[in-house]
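Colleague: Quick one: sequence plus predicted model below, questions after.
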Amino acid sequence: MDSLQDFETSNTNPSTALTPNFPANLSITTVTTTTNTNPSATTSSSPSSSSSTSPSTLSRYENQKRRDWNTFGQYLRNHRPPLSLSRCSGAHVLEFLRYLDQFGKTKVHSPLCPFFGHPNPPAPCPCPLRQAWGSLDALIGRLRAAFEEHGGKPEANPFGARAVRLYLREVRDSQAKARGISYEKKKRKRPPQAHPPLPPPNGNQNQ
């Protein structure tokens, strides 16, 4: 996600927080990481120490999912009044995605722009920057998984709401037209199937 860091920095200013009429009593679990400052722990090179730390090493996806989850929790807390995660709906997720647009870095041309539908504009234009559809789609996937990992029920997952899916589809189609690109996935070519060997002719069987 190329803009969540900007969002985290900007949210330190209370004036940037949205103020919808949300219920209070925020309840969201955040995960923090700690750095080991004990030098003796880093100088040990025994096989047992290396094997014990390898399972705790998170993948890039897991690290990004953790940051996204904490960022969404910060967004909920910055509301006035704060929004409880247990009462968060698909409409609130859409508000979060629209709010992230101000930190986007993807140029999306308006229909009146002369570069509308041009994949490589030859000159700059005043069209706004938005979050790319691919970034939003990946973000929702990570938050949807994090919600259930933190005890949320799949049927109550606001990131999997139908309104969120329709919004992502609308963003994909509109950006494809505005930018002159296609988001259609290429179909994988199926490997040729091996045909079974033909039976020998009857004449060879008689000999």
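Modeller: Right, received. Where do you want to start? None of these values were measured; they are calculated from a predicted model.

Colleague: and stretch 66-77, which residues are buried?
Modeller: By neighbour count on 16 or more other C-beta atoms under 10 Å, the buried set for stretch 66-77 is 66-76. Every residue, glycine included, has its C-beta placed from N, CA and C.

Colleague: Tell me the one of the residues you listed nearest G117?
Modeller: D68 (31.6 Å; C-beta to C-beta).

Colleague: That closest one reaches A145, doesn't it?
Modeller: No: counting by C-beta atoms under 8 Å, D68 does not reach A145; the two are 9.8 Å apart.

Colleague: Save the buried residues of stretch 66-77 as TSV, and put in secondary structure and distance to L58 too.
Modeller: Shown next, in TSV, are the buried residues of stretch 66-77 (DSSP: H, G, I helix; E, B strand; the rest coil; distance: C-beta to C-beta, whole Å):
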residue	secondary structure	distance to L58
R66	helix	7
R67	helix	11
D68	helix	13
W69	helix	13
N70	helix	14
T71	helix	16
F72	helix	18
G73	helix	18
Q74	helix	20
Y75	helix	22
L76	helix	23
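
Colleague: Would you mind giving these as TSV with pLDDT and distance to H92 added?
Modeller: Formatted as TSV, these follow (pLDDT from 0 to 100; distance: C-beta to C-beta, whole Å):
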residue	pLDDT	distance to H92
R66	95	21
R67	95	20
D68	95	15
W69	95	15
N70	94	17
T71	93	14
F72	93	10
G73	92	13
Q74	91	14
Y75	89	9
L76	89	8
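
Colleague: so can I have JSON lines of those showing distance to A123?
Modeller: Shown next, in JSON lines, are the buried residues of stretch 66-77 (distance: C-beta to C-beta, whole Å):
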{"residue": "R66", "distance to A123": "41"}
{"residue": "R67", "distance to A123": "36"}
{"residue": "D68", "distance to A123": "35"}
{"residue": "W69", "distance to A123": "40"}
{"residue": "N70", "distance to A123": "40"}
{"residue": "T71", "distance to A123": "35"}
{"residue": "F72", "distance to A123": "37"}
{"residue": "G73", "distance to A123": "41"}
{"residue": "Q74", "distance to A123": "38"}
{"residue": "Y75", "distance to A123": "36"}
{"residue": "L76", "distance to A123": "41"}
